[in-house]
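J.: Provided below are the primary sequence and the corresponding predicted coordinates.
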Amino acid sequence: MKYTIPTTTLPVQEIVPQVINHFQDNTTLIVKAPPGAGKSTLLPLTFLNESWLEGKKIIVLEPRRLAAKTIATRMSQLLGEQAGETVGYRIRFETKISDKTRIEVVTEGILTRMLQTDNTLKDVALVIFDEFHERSIHADVALALCREAQLTKRNDLRLLIMSATMDLPELSAKLKAKIIESEGRQYPVEIHYTGVTDMHLLPELTARVVSKASKDNKGDILVFLPGQAEINACRDLLDNKLSNTVVHTLYGQLPFAQQQAALLPDQTGKRKVVLATSIAETSLTIEGVTTVVDSGFGKRSKFDPQSGLSRLETVNISVDAADQRAGRAGRLSAGTCYRMWSKAQHETLQKHHQPEIEITDLSSLVLEMAVWGISNIYNMVWLTPPPQSHVKQAKETLHYIDALDRNKVTAHGKKIHQLPCNPRIAHMLLMAEKLEQEALATDIAAIIEEKDPLTIKEAGVDINERIKALRRFRRNDGKGRAFGLIERVARSYRDLMEIEVENEGFDSFMTGLLLAHAYPERVAFARPGNQSQFQLANGTYAQFSHKDSLSRESWVSVSHIDAREGTGKIFMASPLNPKDLKGMVKTAVSVHWDLISNDLIVHTELRIGKIVLKSFPMDDPTDEERSRALCDVVKKDGRELLHFTPEFEQWQAAMFRAQQQHPLAQFPDVDTESLLLTCDDWLTPFADEIEEKDDLKKLDLLQIISARIPKELLKLVD
DNA sequence: CTCTCCCT
């Protein structure tokens, strides 16, 4: 079959001969092209008649569902066809593919599934990674796995990486691939730097810049702010201040209809100001924008391997993101962009934004690799290797839910991997079978995974209110597009687990127990004497974002939390009966000091994670139990319990300087934090000398620690 | 000052 490949006036057309030529006898290529060059639609089509295709398929990987559909549709139009003929797409819950299909545009989760069922992609000749500069964890993993296939069983597999901007020389070196560059088609955007800003005054400062921008420019204005709070504050400042102008807000949590209103031109012909989050950077396009005001900040979720929780941080955006935002003003004609920072600050910004693999929970990734039988994930080709501390935390999580046993996948782990969701949620679904609560678990799973369908203002923080509303929706007396999306996910789980839908009442405490299986470390207990604070099983503290009857419970299971410094914020939870948690209670040994005698007393404790249920003195601890308990307490409170002399602190500083001066020498870390963490090594030999609290203060740290350091290293220290 | 974005 010979295809008629369209010729276009798209800028990327110029590089087509080079690209075709390159793939004659090479397998990997990087194409750099800015948005609007037409790379996503034109390039995949140009390969249709290549002999190396040998009847196999081309896979195009897209980071978003909407993009996958529109790109497949546009390619089909270029061929004079409908989507689903030569070019088709596959996204979750929607497939348009036929026997004729040679190009499949798929989203990231789909490619991961394809790789699972066929490690070598034997029906595929070429994988195209679109928008690779976004550096999503899925794209990074898929590239690593495709590279692995290329290096082992598929040396004919072709890979094309398409990217706007990123550290391309590094990628090129790692993949030993050539870079071909294409021009874009973008109108010029004039950049104004408005000077130094203050993160805490963003709404006020932004409102001021918007007022100026609206006087000096014509056309609609798109404003980038970090989050909902800043957007609403800025809207309140701007409302009715600008003549003949409507102010819209735009962010992910906003109901669909309001999002649409912000995207479409104003019905009454008024000028539009849209206050948006980074959702308007790539995902949604607003027509008619001539002017962009960029606050320079955005929010990113950062995973903390210590607690296993993540938190939202307001951060400076990268140069890449700033360029992307400015580009939104030059889509239809020349435009203007106001950057709310100084030229000097601009030089200090990160060039590229941080790849997701560095800041996210890795439990899915680690499980995936274990199923592939990859024993050491660092043996693969990574553009950015996953951080070791995050991998360690992921392994602990997977061991805890019995998915891994000494780094090998268990039978339970394989079942978890089969389910199309996060391993913790999959574990909960499987545990629900034993409790005969599958129907409730599938509803919970869908609600946790999707966007909250209700607002905290209207429904509080109890997840059970969402379950009730979902069941009302299914009985046909509920409404809301959001519940339609959730029900679709819930139904897919019911189909996989072969269970019937349930719309009757249910037990809220069962919700708490099921959630405790997914998030055991988030079981929380109200601190005695401090009604509003809860202690989580992971040892951290949290508060409800909103006070209602749930926040007055003494035990809750938390599903949504933002781990802030100090006290975290709980956004969704369920009541919990602690008696249901019998299997999770562990016995631990700890030390206490008797306040009157000042003696060291060893206790046995019953705990759920770090929440102590019961504590009683232990009559006859072994030396090992005693020293382990002692080390635990030093790890926690060592800064107060040990005596850090000025001489010792000077020595720590000298060690640090010596390491700086001799980067090749392997000095052990002797900063206070590292010492406390490793106290099992150096404190244990002295444990039997510690009988009361003050004995710890008598330890000569300088002598104890320096004695453990090789002589030749000590010579390098002043 | 209630939470950015995306996906099986």
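T.: Thanks, I have it.

J.: contacting residues for residue A:231?
T.: A:225, A:249, A:250, A:251, A:275, A:276, A:277 (CB atoms under 8 Å, 6 or more residues apart in numbering). Using the backbone N, CA and C atoms, a C-beta is placed for each residue, glycine as well.

J.: Excluding chain neighbours, what is closest to it?
T.: The spatial neighbour of residue A:231 that comes closest, neighbours along the chain excluded (CB to CB, 6 or more residues apart in numbering), is residue A:275 at 4.6 Å.

J.: so which helix or strand takes in that neighbour?
T.: Using DSSP states H and E, residue A:275 sits in strand A:271-276.

J.: how close does the residue in the stretch 251-400 of chain A that DNA strand B sits nearest to sit to residue A:337?
T.: Nearest residue of the stretch 251-400 of chain A to DNA strand B: residue A:252, at 2.2 Å (CB to the nearest atom of the strand). In this view, residue A:252 and residue A:337 are 23 Å apart by CB to CB, to the nearest Å.

J.: neighbours around residue A:183, how many?
T.: 13 (other CB atoms under 10 Å).

J.: whoops, residue A:169 was the one
T.: 10.

J.: In a helix, it, correct?
T.: Yes. Using DSSP: H, G, I helix; E, B strand; the rest coil, the assignment for residue A:169 is a helix.

J.: any idea of the pLDDT on the closest residue to DNA strand B within the stretch 101-250 of chain A?
T.: Residue nearest to DNA strand B within the stretch 101-250 of chain A: residue A:109 (1.9 Å; CB to the nearest atom of the strand). The confidence metric pLDDT takes the value 89 at residue A:109.

J.: so who does it touch?
T.: Contacts of residue A:109 (CB under 8 Å, 6+ apart): A:92, A:138, A:420.

J.: What ranges does the stretch 451-600 of chain A have for its helices?
T.: For the stretch 451-600 of chain A, applying DSSP state H, counting those that start in this stretch gives helices covering A:456-459, A:463-474, A:481-497, A:508-518.

J.: need these in JSON lines with mean neighbour count, can you?
T.: Below are the helices of the stretch 451-600 of chain A laid out as JSON lines (neighbours: other CB atoms under 10 Å):
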{"stretch": "helix A:456-459", "mean neighbour count": "12"}
{"stretch": "helix A:463-474", "mean neighbour count": "21"}
{"stretch": "helix A:481-497", "mean neighbour count": "18"}
{"stretch": "helix A:508-518", "mean neighbour count": "23"}
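
J.: re the thing from before, give me the more crowded residue out of residue A:252 and residue A:337.
T.: Set residue A:252 next to residue A:337 and count neighbours by other CB under 10 Å: residue A:337 wins out with 24 against 12.

J.: three-state assignment of the closest residue to residue A:36 other than its chain neighbours?
T.: In this structure, residue A:36 finds its nearest non-sequential neighbour in residue A:185, 4.9 Å apart by CB to CB, 6+ apart. Under the three-state scheme (three-state DSSP), residue A:185 adopts coil.

J.: Over to residue A:395?
T.: helix.

J.: show me what contacts it?
T.: Per CB under 8 Å, 6+ apart, neighbours of residue A:395: A:366, A:404, A:407.

J.: And the residue nearest to the second one when sequence neighbours are not counted, which helix or strand is it part of?
T.: Computed as CB to CB, 6+ apart, the closest residue to residue A:404 that is not its neighbour in sequence is residue A:398, at 4.2 Å. Secondary-structure element containing residue A:398, defined by DSSP H and E: helix A:388-400.

J.: wait, does that helix contact DNA strand B?
T.: No. On the criterion CB under 7 Å from any atom of the strand, helix A:388-400 is out of touch with DNA strand B, staying 14.5 Å away.

J.: for that helix, what is the average pLDDT?
T.: Across helix A:388-400, the per-residue pLDDT values average to 90.

J.: Pull out the buried positions in that helix.
T.: A:390, A:391, A:393, A:394, A:395, A:397, A:398 (16 or more other CB atoms under 10 Å).

J.: mind listing what the residue nearest to the third one when sequence neighbours are not counted touches?
T.: Taking CB to CB, 6+ apart, and ignoring the residues beside it in sequence, residue A:393 has residue A:305 as its nearest neighbour in space, at 4.0 Å. When the contact criterion is CB under 8 Å, 6+ apart, the partners of residue A:305 are A:387, A:389, A:390, A:392, A:393.

J.: can you rerun that using 10 Å?
T.: A:361, A:362, A:387, A:388, A:389, A:390, A:391, A:392, A:393, A:394, A:396 (CB atoms under 10 Å, 6 or more residues apart in numbering).

J.: hang on, isn't residue A:572 packed against residue A:561?
T.: Yes. Using CB atoms under 10 Å, residue A:572 makes contact with residue A:561 at a distance of 8.3 Å.

J.: between the two, what contacts are shared?
T.: Contacts common to residue A:572 and residue A:561, judged by CB under 10 Å, 6+ apart, are residue A:545.

J.: In terms of helices and strands, where is the residue lying closest to residue A:689 once chain neighbours are set aside?
T.: Leaving aside its chain neighbours, residue A:689 sits nearest to residue A:695 (6.2 Å; criterion: CB to CB, 6+ apart). For residue A:695, the host element (DSSP H and E) is helix A:693-697.
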